[in-house]
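Undergrad: Sequence first, predicted model second:
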Amino acid sequence: MSLTPLAIVVLVLAALMGIAAQWSGSPLAELWWRTAVALVAVGLAYELYVTRRVAIVASWAQRTSLYLGRVATLDLRLANRSRRAVVIDVAPVWPDALAGEQRAQRLHVAPNAEQIAALAARAVALGDHAWLPLPARVRGPLNLAWWSRRLAPSGVARVLPDTLGPRAIVAGSSEGATPQTTIGGGLELHHLRDYQPGDPRHTIDWKATARSSRLVTRVFSEDQHLEVMLLIDAGRTSRTEVDGLQQLGHYANLAARFAEFCVAHDDQVGLIAFADRALATIKPARGVEAVTRIRAALTKLAPSPVESDVLAAALHVRQLVRHRCLVVILTDLYERSATSAVAQSARLLLPKHLPLIAGIVSDEVFELAEKRADDWLDPYRALAAREYRREVGANVARLGQLGAYALTARARELDSRVLETYSRLRAQRRI
């Protein structure tokens, strides 16, 4: 309970009258201050009785799905199940999976009605998370005090990996092959274009060349059905926070979008999430069902406080996939020991499979490397950031020398870089 300004003013006046009664010895002043205190006490007892009988039900409703990394608007609904209007203050308390507004909300709820407070929150962790109890206080009908309540919303907040959108899923649900334009003898002529160095001679259209007086190449459509395995590092380093999300969160979002992108091209896609052992394994498959299974597995992932064994994950790929496939490994590329294990994994996968290793570099590293020195520690921080960038770049170069594809990017650019690399490799028929 906390007194309102009205109750405080009444009690202060009663105290002043009591002091005046002691000085003057007036029976009337004595009666007034005792009466004022008694009325406040009776009013507080009445408010306690009334507010305890007020039934307030709290619930959360989301306007859109909660996708990892996105900001969504959630509605905090307060339903008044009594026949008396109430004024209530409620403080939003979020599960660990959500980072949202902390400002307390004051709502005026009519009898047998409900009020809604729209609050913005960003999903920062995958999975199902129970809503936490909400501290609240109800103002008494006489406006003498606020009375504490504790509201317990039911249900859970389910955070899912991000998505490319419905178009990718619809495209993947169509039956039949997706035509890909390639250089070479296909089933059907796709289009003509200017000759480019490296085009095979037998693809030159000599009639079109004679008409245009320049070399023209025929481009044919050809069906491709590729296999892709996504390897996600869920070990110790995946707990590192980058741009407000753990690295595992960025990996999960990329894997979910990548799966949709592959299915849209009628390719098969599978998943291995690993730490010191395989945490989730999904064999390559195509269609909406494959994306659904991968997204369900990603939703249950959580970082493990152990060192990752990427070499064991690569060996698992060799046992699981019999045909040549693209192996996308999402892991940290900084630590020397981890990079050595990644290099061994690349050697194990090559030449049968084509590894594509991708990692994240935080924006903070670039900012520290270029930041102007304001105190004596700043030069050392800048040197450490530059050494970090140099070491990561050297690791990427070493992996490239082995024949693997490796890249690092900022969190917001990682998706586009990986998807562009996949599209380029697919067009070049490297997989």
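TA: The structure has been received and is ready for your questions.

Undergrad: Tell me the pLDDT of the residue most central in space within the chain.
TA: By CA atoms, centre = their mean, the chain has its centre lying nearest to residue 68, at 2.2 Å. As predicted, residue 68 sits at a pLDDT of 93.

Undergrad: In this structure it contacts residue 126, no?
TA: Yes. In this structure, residue 68 is within contact of residue 126 by CB atoms under 8 Å, at 5.8 Å. Using the backbone N, CA and C atoms, a C-beta is placed for each residue, glycine as well.

Undergrad: Could you tell me which residues touch both of the two?
TA: Common contacts of residue 68 and residue 126 (CB atoms under 8 Å, 6 or more residues apart in numbering): 159-161, 249, 252.

Undergrad: okay, among those residues, which ones form the most distant pair?
TA: 160 and 249 (11.5 Å; CB to CB).

Undergrad: So for stretch 127-138, mean pLDDT?
TA: Mean predicted lDDT for stretch 127-138 stands at 93.

Undergrad: At which residues are the helices of the stretch 151-300 of the chain located?
TA: Applying DSSP state H, counting those that start in this stretch to the stretch 151-300 of the chain gives helices spanning 166-173, 206-212, 247-264, 288-299.

Undergrad: list the residues that contact both of residue 160 and residue 249?
TA: By CB under 8 Å, 6+ apart, residue 160 and residue 249 have these common neighbours: 68, 126.

Undergrad: who's more crowded, the two?
TA: For the pair residue 160 and residue 249, the greater number of neighbours falls to residue 249 (27 against 20), based on other CB atoms under 10 Å.

Undergrad: so what's that one scoring on pLDDT?
TA: 94.

Undergrad: Buried residues, the helix or strand where residue 45 lies. List them.
TA: According to DSSP states H and E, residue 45 maps onto helix 27-52. Judged by neighbour count (16 or more other CB atoms under 10 Å), helix 27-52 contains these buried residues: 29-30, 32-33, 36-37, 40, 43-44, 47, 50-51.

Undergrad: what's the answer for stretch 359-379, then?
TA: Within stretch 359-379, the residues that qualify as buried are 359-362, 365, 368-369, counting by 16+ other CB under 10 Å.

Undergrad: Could you identify the most distant pair in those residues?
TA: The span of the buried residues of stretch 359-379, defined through CB to CB, is set by 359 and 368 at 17.9 Å.

Undergrad: Mind pulling up the pLDDT for residue 359?
TA: For residue 359, the pLDDT comes out at 93.

Undergrad: Spit out the contact partners of it.
TA: Counting by CB under 8 Å, 6+ apart, residue 359 makes contact with 330-334, 392, 407-408.

Undergrad: cool, and residue 163?
TA: 67, 256-257, 260.

Undergrad: got those residues as a markdown table, with neighbour count and distance to residue 412 columns?
TA: Formatted as a markdown table, the contacts of residue 163 follow (neighbours: other CB atoms under 10 Å; distance: CB to CB, whole Å):
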| residue | neighbour count | distance to residue 412 |
| --- | --- | --- |
| 67 | 17 | 15 |
| 256 | 24 | 16 |
| 257 | 20 | 13 |
| 260 | 25 | 19 |
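
Undergrad: Using a markdown table, please lay out those residues together with distance to residue 326.
TA: Putting the contacts of residue 163 into a markdown table (distance: CB to CB, whole Å) gives the following:
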| residue | distance to residue 326 |
| --- | --- |
| 67 | 25 |
| 256 | 17 |
| 257 | 15 |
| 260 | 16 |
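
Undergrad: And these, which is closest to residue 401?
TA: residue 257 (29.3 Å).

Undergrad: residues touching residue 281, list them.
TA: By CB under 8 Å, 6+ apart, the contact list for residue 281 reads 270-272, 316, 320.

Undergrad: Quickly list what it is bridged to.
TA: Taking DSSP bridges as the rule, residue 281 bridges to residue 272.
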